[in-house]
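Q: what would the 3D arrangement of this be:
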Amino acid sequence: MSGGLRVSVEKDTGVAVVTLDRPGRLNAIDLAMAAELAEVWQAFRFDDSVRAVVLTGAGERAFCTGIDRDAVVPQPPSPYMVDDPLLRVGPKANDLWKPVVAAVRGMACGGAFYLLGESEFVVADETAAFFDPHTAYGMVSAYESVLMAQRMPFGEVARMMLMGTAERISARRAYEIGLVSELVAPGEALAAATRCAAVIAGHPPEGVQGTVRALWAAKEAARAHAFAQAPHLVALGNLPARQQAELFAGRRRTGGFRVR
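A: Have a look, this model is predicted:
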């Protein structure tokens with residue numbers, strides 16, 4: 001596939017592995033990859049050989065670092081209409097109710113939370129680090145905050161979003177607060193996530209998919225209400241693109257890890 005995705009399906013186990021494959025760009029999502037992700041999730045809806053999915057990133061440095069800074073996304077001249085290409089990159093946004101397990105190695109930040117937020121659970125290795133740079137660059141963390149507020153204690157997600165690039169949540173801390181369900185040695189996240197996916201794929205799919213749908217039904221009302229406010233908050237709170245670029249160009253190295 002062009003655009004930066006690798007997709008493999010193991011017919012015997014029923015597990016598909018979707019790999020964000022732009023390691024030179026820290027697996028940042030450009031517009032081509034965003035479109036491909038939507039196509040992949042929609043295709044899986046019709047493929048009975050896929051009963052569970054593992055989502056991971058190529059290379060050792062990052063799972064995903066969100067939207068590619070070079071992506072040009074034209075915006076309507078209205079605070080009531082905001083185009084966000086990441087809104088369609090997740091499985092649930094594409095009406096896929098097959099279980100997705102995320103395998104995280106290295107950085108997961110910013111727009112990566114669209115993907116982690118729509119996965120059933122996260123397996124991470126000890127190199128994983130989580131942070132959200134939006135506020136440091138004069139941007140509103142809206143959708144990311146909503147999704148993570150459904151995965152983490154409120155105080156933890158508030159601190160991560162508001163601290164911006166000043167600190168990262170370590171893999172150990174992410175495990176302790178419940179963002180990560182299993183913590184493994186460096187380089188072992190994909191294998192561990194695949195083992196989980198293979199077990200799930202071995203169960204009757206109707207029961208599995210019904211359970212996934214039930215789990216997400218418990219969160220949908222709150223998420224939909226919060227998402228409805230997000231475009232206005234982004235339009236009102238984001239600095240102009242030029243000022244964002246200036247802050248990004250002058251960025252310092254992200255702060256240290258918070259392990260407690």
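
Q: tell me who's in contact with the nearest residue to residue 116 once chain neighbours are set aside.
A: If the residues on either side of it in the chain are set aside, residue 116 comes closest to residue 102, at 5.5 Å by C-beta to C-beta, 6 or more residues apart in numbering. C-beta here means a position set from N, CA and C on the backbone, and glycine is covered the same way. Neighbouring residues of residue 102 by C-beta atoms under 8 Å, 6 or more residues apart in numbering: 54-56, 63, 115-116, 119, 121-123, 193.

Q: and the pLDDT at residue 102?
A: Looking at residue 102, its pLDDT reads 98.

Q: secondary structure element holding it?
A: strand 100-104 (DSSP states H and E).

Q: counting only helices, which of the contacts of residue 102 make the cut?
A: Counting by DSSP state H, the part of those found in helices is 115-116, 193.

Q: neighbour-wise, which one of the residues you listed leads?
A: Among the ones in helices among the contacts of residue 102, residue 193 has the most neighbours (other C-beta atoms under 10 Å), with 30 neighbours.

Q: how near is that one to residue 219?
A: Separation of residue 193 from residue 219 (C-beta to C-beta, to the nearest Å): 22 Å.

Q: in the stretch 51-200 of the chain, what residue spans correspond to strands?
A: Per DSSP state E, counting those that start in this stretch, the stretch 51-200 of the chain carries strands over the ranges 52-57, 62-64, 100-104, 107-109, 121-125, 129-131, 168-170, 182-184.

Q: how far does the fifth one sit from its chain's centre?
A: Once both centres are worked out by C-alpha atoms, centre = their mean, to the nearest Å, strand 121-125 turns out to sit 12 Å from its chain's centre.

Q: sheet partners, orientation included, of it?
A: strand 100-104 (parallel), strand 182-184 (parallel) (DSSP bridges).

Q: quick one: residues in contact with it.
A: 101-105, 116, 171, 174-175, 179-189, 192-193, 196.

Q: kindly report the same for the second one.
A: By C-beta under 8 Å, 6+ apart, the surrounding residues in contact with strand 62-64 are 20, 23, 26-29, 56-57, 102-109, 111-112, 115, 128.
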